[in-house]
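Asks: coords please:
(chains A and B)
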Protein chains: 2
Amino acid sequence: MELSRTDVGHLGYNRRKGGSHLKREVLSDVHSDKLFEQVYDYLLDRIRRGEWKAHDKLPSVRALAAEFGVHRLTVFKAYQWLKQNHKVYVKDKSGYYVQPGSLLPPAAQQDPIVSAYVHESHLSEIHQAEAAYQFSKALIDPNLLPNRYFSEYVKKVFDLYPKVLGTYATTQGDAELREALCRYFAGRYRFDLTPDELLITCGSQEAIDLIARVLVKPRDTVLLERPTYSPAIDVFRRQGAQIVPVEIYPDGYRLDQVEEFMRLYKPRLFYINPTFQNPTGYTVPAEQRKRLVDLAAEHQCLLIEDDPCPDIYFGKEPPPPFFAYDTSGYTIYIRSFSKYVAPGLSIATVACRPGLMNYLIKAKSLSDSGTPLLNQKIFLHYFFSERMQRHLEKLRTALAVRKDIMEEELAGTGWEWRSPEGGFNLWVQLPESTPMEELLVTSRERSITFVPGSICDPLRELKPWIRMSYSFLNERQLREGVRRFVGLYRELSGEK
Amino acid sequence: MELSRTDVGHLGYNRRKGGSHLKREVLSDVHSDKLFEQVYDYLLDRIRRGEWKAHDKLPSVRALAAEFGVHRLTVFKAYQWLKQNHKVYVKDKSGYYVQPGSLLPPAAQQDPIVSAYVHESHLSEIHQAEAAYQFSKALIDPNLLPNRYFSEYVKKVFDLYPKVLGTYATTQGDAELREALCRYFAGRYRFDLTPDELLITCGSQEAIDLIARVLVKPRDTVLLERPTYSPAIDVFRRQGAQIVPVEIYPDGYRLDQVEEFMRLYKPRLFYINPTFQNPTGYTVPAEQRKRLVDLAAEHQCLLIEDDPCPDIYFGKEPPPPFFAYDTSGYTIYIRSFSKYVAPGLSIATVACRPGLMNYLIKAKSLSDSGTPLLNQKIFLHYFFSERMQRHLEKLRTALAVRKDIMEEELAGTGWEWRSPEGGFNLWVQLPESTPMEELLVTSRERSITFVPGSICDPLRELKPWIRMSYSFLNERQLREGVRRFVGLYRELSGEK
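Replies: Residues are numbered from 1 along each chain as shown, chains lettered A, B, ... in the order given. Below is the predicted model:
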């Protein structure tokens, strides 16, 4: 089944309107219907066509809002994006002006491949924004890491491997590290693995990208959780995939829905993040894991399991990964260590069967020259140290405390969320009436960032949801930031 | 102009047959005409179709050679590749057996996107081969690097940035490093750059890959030097580019040819490696640099300038990069530091104008989570140190000595090469009668590796040429290895 782009948007998969889950939307591009992006595109297009030249003054926010019949904030947001993308600049508060010096040849500017990037990576752009109260970063506060000890491990690495900086890494990754990871996975989850079945990557982002490049060709169907990890949406969409969303609930998926999708759409893969899911924090229960692995094998749909933080639990340990239940080779397991071990090392590993591994190695050999050896060796000696294991205990406690603080401060709002059993985020449902665009813009002005739920949604809906990370700010900042955010929300919505 | 795959191979661009340079070949896939790969494909195909099952014994080398009417060594090589790719295993010297456990679902096995990787990255496979005399590695001998000092710089980095391992890198790269690189480029070449116009990548491979992904869409024409850096061929081919080769000579290109190609084929870009070119060692003279930059702007063809070793010169410094001559924004400059500064850090930088930079940053944000900060900080403090600059002097001398040794040992062979003025390689023309496949296989058996010229050729011809790197082995190994290689050659060709 193939749909042209013009079909897109006419198909409705919409729970609220009562559509059945079989009437689903095939997504190629749903950005175009967002108002502010239409304004953005309009302005950019005229700049590119040379209708406004370098240093020309652009229409005022008020004038454009009137012209288009949209809210001023919509135009304001479009201008903000243009500014961030170096297309316009602001002078003396008198207005927006065309930024000179975009020397990209005209052919490249109109190239559909090039322009495909324009609207991608919203998340990375939000991250790049400087802010005092970053609730958008699902990263660990660097102060929670044992920075003092890191340099000891680094010295040890240089003593053990004096030529480490003079040595190119192999494409697949350091053999010593892969062996250690095999023992670790076998001990913890009884994975049946050999070092040949592990690839070391520069973080999970590289792993997702390699997998997408090897496995997905244009118009392949890909199942994604809804909501899901935003850069994964971008990667699969760029690869030309038709995306079918699978709702995730506090108790996992609706397996009958998943089965029906697998049967109907013969998806190439299902990208899942089943443990303390990003953004929801939900964990797919063990019994579903076993059944879904069997379903995947039956329908020849690969499961891409992204597992960035199984060690960050607040109560009991989460169930073993899908990969532990897999006997037929349909699960590819991505385990990242950047999130909570050492973000500065950017180490992740991919486990899969040799047939697929061979392709991933080839793809990696063209993507970079192998994960730097120094990073692998430092990780090896730090991660498997007793100190690291002791540190994990402290980390879990510290993050649980921060989560509690955020929940305390949100308690009086009437907003809804499910208290997560691990991970870094609260997935918060605001009232339907929330003026989301305005909230986003005003928060930024007051140096507060959060992730609007639509960014995590393959359908770009989920309007009244937001992701708030409690992992990046210290306790004092966290409390203060949440208070300010709640205060700001009340101001906007006219509450006292 | 578009050509289907079946057209390929019927078009001849072949100097030896007297064809004009206008009758050129559009390359999508020229591997298929290689005998051993046909045997490889035949065997793999039957294994995949299940005609031979796991642990089945496969036909003997002799039997298959008779069946196909090819040389035994051709079959032997096909089996070697199958073994290396984990498709077959060898038991008790009694023959080849089908390797069990390739659990890739059938759909994936036949996927054209997946199988596109099968024949790629020949070079990385050659590099992975273990050998006592590695002439295939154009890498620096780790013993030539100041390993003892590296750890001092690393300690310094931890003192200066105690939280470096706890900190995620930004997508574009560390601001302090980009500022330092700007000053360096301005001082050395008068580049007119701001830190916003630099991106830090994990080595030049990532840079080439990002550029290809952002700029090249299927059937775009791309100019490549002939011969050129082999992984670049693979990257552009995978991107679906139609490749037009531009011959490189000791004195540069034939600019009238380049101009004609730009006019006729409107190429998207020209990937060049103009300074101590890999594999030839040739350097494009300064006067051509200026003219080619103008040609590129005139024809709106981007120049992708790959510059991995401008500091490794044996006589006078090479001319400034193309980027220094560029005033119109059509040059993208990739400067890698892995080759001779610290391979274990994997640091390269890309310089280009803001319009393009914006796209590269987006592409990188989906490819990895940014170049690890630790690596960037170590590089920063080491590269700009006085010790590094002193060390470069020693490195140039050491490599010149090694080059001389290789040339001395080859002096009596009658083989031809142009003595390079910098870089890591000799590009050697063997007699036309050289049995190249046999030489490759026998060399491997005797633990000697080299790069056959065809791997560096977008047309996969250049049969009697080989690339021999003098940078990886120490002086004693180098002399011994070249002697053995020359002896082996004489044996094979029946010389005394």
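Asks: Got the phi and psi for whichever residue of the stretch 201-350 of chain A sits closest to chain B?
Replies: When scored by Cβ to the nearest Cβ, the stretch 201-350 of chain A has A:Gly329 as its residue closest to chain B, at 2.9 Å. For glycine as for every other residue, the C-beta is placed from the backbone atoms N, C-alpha and C. The phi/psi pair for A:Gly329 (degrees, to the nearest 10) reads phi 80, psi 20.
Asks: and what of A:Ile466?
Replies: When read as degrees, to the nearest 10, the backbone of A:Ile466 gives phi -140, psi 150.
Asks: That one reaches A:Val451, doesn't it?
Replies: Yes: contact criterion Cβ atoms under 8 Å: A:Ile466 and A:Val451 qualify, at 6.5 Å.
Asks: And these two? Which one has more around it.
Replies: The residue with more neighbours, out of A:Ile466 and A:Val451, is A:Ile466; 30 against 27, by other Cβ atoms under 10 Å in any protein chain shown.
Asks: Show me which residues of stretch A:265-283 are buried.
Replies: A:265, A:267-283 (16 or more other Cβ atoms under 10 Å in any protein chain shown).
Asks: returning to what we had before: look at the residue of the stretch 201-350 of chain A closest to chain B and report its pLDDT.
Replies: pLDDT for A:Gly329: 91.
Asks: circling back to that earlier point, restricted to helices, list the buried residues of stretch A:265-283.
Replies: Of the positions in the buried residues of stretch A:265-283, A:Tyr265 sit in helices, assigned by DSSP state H.
Asks: filter the buried residues of stretch A:265-283 by proximity to chain B?
Replies: Residues of the buried residues of stretch A:265-283 in contact with chain B (Cβ under 8 Å from any Cβ of the partner chain): A:Arg268.
Asks: which stretches of the stretch 351-496 of chain A have low pLDDT?
Replies: Where the stretch 351-496 of chain A drops to pLDDT under 70, the residues are A:495-496.
Asks: scratch that, the stretch 201-350 of chain A
Replies: Ranges of the stretch 201-350 of chain A meeting pLDDT under 70: none found.
Asks: That one: strands as residue ranges?
Replies: Taking DSSP state E, counting those that start in this stretch as the test, the strands found in the stretch 201-350 of chain A are A:221-226, A:242-247, A:269-272, A:302-307, A:331-336, A:348-351.
Asks: Dump these into TSV; add distance to A:Tyr153 as well.
Replies: Shown next, in TSV, are those (distance: least, Cβ to Cβ, whole Å):
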stretch	distance to A:Tyr153
strand A:221-226	36
strand A:242-247	41
strand A:269-272	33
strand A:302-307	24
strand A:331-336	19
strand A:348-351	19
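Asks: what about A:Arg484, how many neighbours?
Replies: For A:Arg484, using other Cβ under 10 Å, the count is 17.
Asks: Contacts only, for it.
Replies: By Cβ atoms under 8 Å, 6 or more residues apart in numbering or on different chains, A:Arg484 lies in contact with A:133, A:446, A:448.
Asks: Show me which of these is closest to A:Ile361.
Replies: Nearest to A:Ile361 among these, counting by Cβ to Cβ, is A:Tyr133 at 42.4 Å.
Asks: The residue nearest to the closest one when sequence neighbours are not counted sits in which helix or strand?
Replies: Excluding its sequence neighbours, the residue lying closest to A:Tyr133 (Cβ to Cβ, 6 or more residues apart in numbering or on different chains) is A:Gly481, at 3.2 Å. Assessed by DSSP states H and E, A:Gly481 sits inside helix A:475-492.
Asks: Alpha carbons of that helix, as PDB, please.
Replies: The C-alpha trace of helix A:475-492 is given here as PDB (Å, rounded to 0.1, in the frame of the first residue of the first chain):
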ATOM      1  CA  GLU A 475      17.300  20.600  43.900                       C
ATOM      2  CA  ARG A 476      17.200  24.300  44.500                       C
ATOM      3  CA  GLN A 477      17.000  25.300  40.900                       C
ATOM      4  CA  LEU A 478      14.400  22.600  40.300                       C
ATOM      5  CA  ARG A 479      12.100  23.800  43.000                       C
ATOM      6  CA  GLU A 480      12.500  27.400  42.000                       C
ATOM      7  CA  GLY A 481      12.100  26.700  38.300                       C
ATOM      8  CA  VAL A 482       8.900  24.600  38.700                       C
ATOM      9  CA  ARG A 483       7.400  27.300  40.900                       C
ATOM     10  CA  ARG A 484       8.200  30.000  38.300                       C
ATOM     11  CA  PHE A 485       6.800  27.800  35.600                       C
ATOM     12  CA  VAL A 486       3.600  27.100  37.500                       C
ATOM     13  CA  GLY A 487       3.300  30.800  38.300                       C
ATOM     14  CA  LEU A 488       3.800  31.700  34.700                       C
ATOM     15  CA  TYR A 489       1.100  29.200  33.600                       C
ATOM     16  CA  ARG A 490      -1.300  30.700  36.100                       C
ATOM     17  CA  GLU A 491      -0.600  34.200  34.700                       C
ATOM     18  CA  LEU A 492      -1.200  33.100  31.200                       C
END
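Asks: Now do the buried residues in that helix.
Replies: Buried residues in helix A:475-492, counted by 16+ other Cβ under 10 Å: A:478-479, A:481-482, A:484-486, A:488-489.
Asks: longest helix anywhere in chain A?
Replies: Counting by DSSP H, the longest helix found in chain A is helix A:386-410.
Asks: Give me the angle between it and helix A:475-492.
Replies: 30 degrees (axes from the mean of the first three to the mean of the last three Cα atoms, to 10 degrees).
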